[in-house]
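> how would this look folded up:
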Amino acid sequence: MNGTDSNSRRRLSGAPFFTLFGGGPTTPTPSPVPPTPPAPRVGVDFALGIALGDGVYTTQNGGSTLTRRTVGSPLSVFLDVAVSADGTKLAVVDADTTSVPVNGFIYTSVNGGASFAANLQAGAEVWTTVGSSADGSKLYAAAARTSNSAFGQNFISTSTDGGKTWTRQTVGLQLNNANVALGPLFFFRVKASADGTKAVAVASDLAAVTTNYLFTTINGGITWTLKATANPGAYSPVIDVALSADGNKILASTANVLSYSDNFAATFTPQNVGNGADAFISVSMSSDGGLLAAGTLTLAGGPSFLYTSRNPTLVLNPNWVRAASLGTKNWGRISMTSTGTKIVAPAGSNLISAAAPGLIYTSVDSGLTFAEKGIAQNWLVSGSAAAWL
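From the prediction side, this is the model:
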């Protein structure tokens, strides 16, 4: 058989072809699955309100481009905006005083400003300020007057569900340091701690407009304590206030003095800043209280300035530096990231001076330098997320 065993021949002849050459069955290589594109970003870096018009502006690139979000009415005046730490939840307040009856509402957004809902349950007011916890669930809002009253109120509205429902909390029905009953209050600013349990509010007594008050709460706004007044020998906060994440550190502005507290308004230390004539209209601080910023307003055509203080050791009277390169601006309300590395300072309008179109100024080095951004607008207020991406 030519040296070949017949059984071997049968095995070879019956063997599959691929076994003769050492191959094996092949499995088709699947086509690569394209990566799932990331979900569109929802959170914003910061939001801006304007002095007149149905618009709130947001940015996701540090102010290089701004997106106008339609909210309110053409008569809206957005005096304050609060942004959650992740930039997804926004709350803005409208101080529309032109419509009859008053048509100002609190508006909230859960998608970075893509859409807003008016919170009708809180009522139509001349809303002047709103503060938020870091997660955006706890809100504080205050007004100058309601749709059916004269200017001056004695309540702050609170929400624990992101603005869906609101409760009015009585504030200021007590005696001041001179044992005189407080009159109706005009609330300028309210700020909340990161967890929302602590808050501080500043207001003016409309019965004596030069008398101003600072109130604090440690239970989410259920009760409020009058801490200081403008009576002789007492501290007089006015117009603006900033609060650290833990709620213990406070920076408050007066007519020409900044004061800092590290014990939740038990005591204040006046700051060595300004020329004695500066009227401080806006203040902000980092979450730990180590970076401070303050802006002044223009009086009778005089100069206005922006000051910053890098205070990592948290001394009570740190050094302040004036951003001289910015020149004279009509500063609105300043805000910053949690670390204070990035700051946004709108220019154009504030609670005192007449509206005048200005630009936006941002810093990414804790206020050492600023860049001009945005378009000419009556910028009034800003609110920043914890970080800019």
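
> For stretch 161-174, list every residue counted as buried.
Of all the residues in stretch 161-174, those buried under the rule 16 or more other Cβ atoms under 10 Å are 162-163, 166, 168-169, 171-172. Bear in mind the C-beta positions are built from the backbone N, C-alpha and C, glycine included.

> quick one: average pLDDT of that stretch?
The pLDDT scores in stretch 161-174 average 87.

> mind putting the buried residues of stretch 161-174 in a markdown table, distance to Asp94 and secondary structure included?
A markdown table is the format used below for the buried residues of stretch 161-174 (distance: Cβ to Cβ, whole Å; DSSP: H, G, I helix; E, B strand; the rest coil):
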| residue | distance to Asp94 | secondary structure |
| --- | --- | --- |
| Gly162 | 18 | coil |
| Gly163 | 13 | coil |
| Trp166 | 15 | coil |
| Arg168 | 18 | strand |
| Gln169 | 21 | strand |
| Val171 | 21 | coil |
| Gly172 | 23 | coil |
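
> Pick out the most distant pair among these.
The most widely separated members of the buried residues of stretch 161-174, counting by Cβ to Cβ, are Gly162 and Gly172 (26.1 Å).

> If we only consider the buried residues of stretch 161-174, which is nearest to Gly72?
Gly163 (15.0 Å).

> Report the contact partners of the closest residue to the closest one other than its chain neighbours.
With Cβ to Cβ, 6 or more residues apart in numbering as the criterion, Gly163 has its nearest non-adjacent residue at 3.9 Å, and that residue is Thr108. Listed by Cβ atoms under 8 Å, 6 or more residues apart in numbering, the contact set of Thr108 reads 89-92, 116-117, 119, 139, 162-163.

> where does the stretch 151-300 of the chain have low pLDDT?
Across the stretch 151-300 of the chain, the ranges flagged by pLDDT under 70 are 151-153, 173-183, 206-211, 228-238, 255, 298-300.

> repeat that for 90
151-155, 170-188, 202-214, 226-239, 253-259, 267-281, 295-300 (pLDDT under 90).

> can you give me the strands for it?
Ranges of strands in the stretch 151-300 of the chain, per DSSP state E, counting those that start in this stretch, are 155-159, 167-170, 185-192, 199-205, 212-217, 225-228, 241-243, 250-253, 258-261, 269-270, 280-285, 291-296.

> CA atoms only: put the longest one into CSV for me.
Extracted in CSV, the C-alpha atoms of strand 185-192 (Å, rounded to 0.1, in the frame of the first residue of the first chain):
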residue,chain,number,x,y,z
LEU,A,185,-38.0,96.5,56.5
PHE,A,186,-36.4,96.7,53.0
PHE,A,187,-34.3,93.7,52.6
PHE,A,188,-31.1,94.2,50.6
ARG,A,189,-29.5,90.7,50.8
VAL,A,190,-29.8,87.3,52.3
LYS,A,191,-27.1,84.6,52.1
ALA,A,192,-27.2,81.0,53.3
